[in-house]
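A.B. asks: Have a look; sequence and predicted model below, questions after that.
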Amino acid sequence: MTRVFFLDSGLLGLVTNPSASPEALALAIWVDSQLMLGAQIVVAELVDFEVRRELLRVKRIKGLLRLDEFIAGVEFLPINSFAMRLAAELWAQARQRGIPTASDIALDGDTILEAQALTYPNQPVIVVTTNVRHLKHFVDARTWRDLE
C-alpha cells in the first residue's frame with residue numbers, strides 16, 4: 001500500500017523556505033526520498049492558505065514561487081463541504097472531551113487539516129507535523145523525524 005503523508009503548515013513553510021536551514025534541507029531530502037519510494041505527499045488547501053497568507057503579508061515573492069513549485073510536484077487537496085462539516089464535528093468532539101487545540105473563537109486549522117486527512121480516499125494517512133500534540137486526537141500524527 002502506498003504511504004500517504006499530509007504536511008502541516010509548519011513543515012510546508014520549512015520545506016519551501018528559500019533561505020534553507022539545515023533542518024529545512026534535511027526535511028527536503030526526506031520528502032524527496034519518500035517521493036522516490038512511491039509515497040504520496042499531500043498539501044491540504046488549508047495548509048497552503050496558512051503558509052501563503054504569511055508570505056503575502058511579508059511580501060516574500062521568492063517564498064511564494066517556491067511554495068507554488070513545491071505544490072506543483074505533490075498532490076494538492078482542495079477543501080470540500082464534507083471535510084468542513086466533519087471539521088465542525090471534530091471541533092465539537094474535542095471540546096466535549098476537554099482537548100481543544102485552539103480558542104473557542106478561532107477557526108482551528110488543525111481540526112480542518114484532520115478532517116481533510118480523514119476524508120482522503122486513500123486511507124490510512126499520516127499527518128506529518130511540527131505539533132503532534134494538536135493533531136493526534138483524530139488522526140495518526142507524527143514528526144517527520146519519527147518517520148525516518
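C.D. replies: That came in fine, so what should we check first?
A.B. asks: can you tell me how far Gly10 sits from Glu45?
C.D. replies: From Gly10 across to Glu45, the span is 16 Å (C-beta to C-beta, to the nearest Å). The way it works is simple: take the backbone N, C-alpha and C, and place the C-beta from them, glycine included.
A.B. asks: Neighbour count for those two, which is higher?
C.D. replies: Glu45 (18 against 15; other C-beta atoms under 10 Å).
A.B. asks: who are the neighbours in contact with the more buried one?
C.D. replies: Contact analysis of Glu45 by C-beta atoms under 8 Å, 6 or more residues apart in numbering lists 76-79, 116.
A.B. asks: mind checking pLDDT for it?
C.D. replies: pLDDT recorded at Glu45 is 95.
A.B. asks: Follow the chain on from the helix or strand of the chain with the lowest mean pLDDT and name the next helix or strand.
C.D. replies: The weakest-scoring helix or strand in the chain, judged by mean pLDDT, DSSP states H and E, is helix 132-135 (a mean of 85). Beyond helix 132-135 on the C-terminal side, the first helix or strand identified by DSSP states H and E is strand 140-142.
A.B. asks: Now do that next one: which elements does it pack against?
C.D. replies: Applying 3 or more C-beta pairs under 8 Å, 6 or more residues apart in numbering; DSSP states H and E, we find strand 140-142 packed against strand 126-128, helix 132-135.
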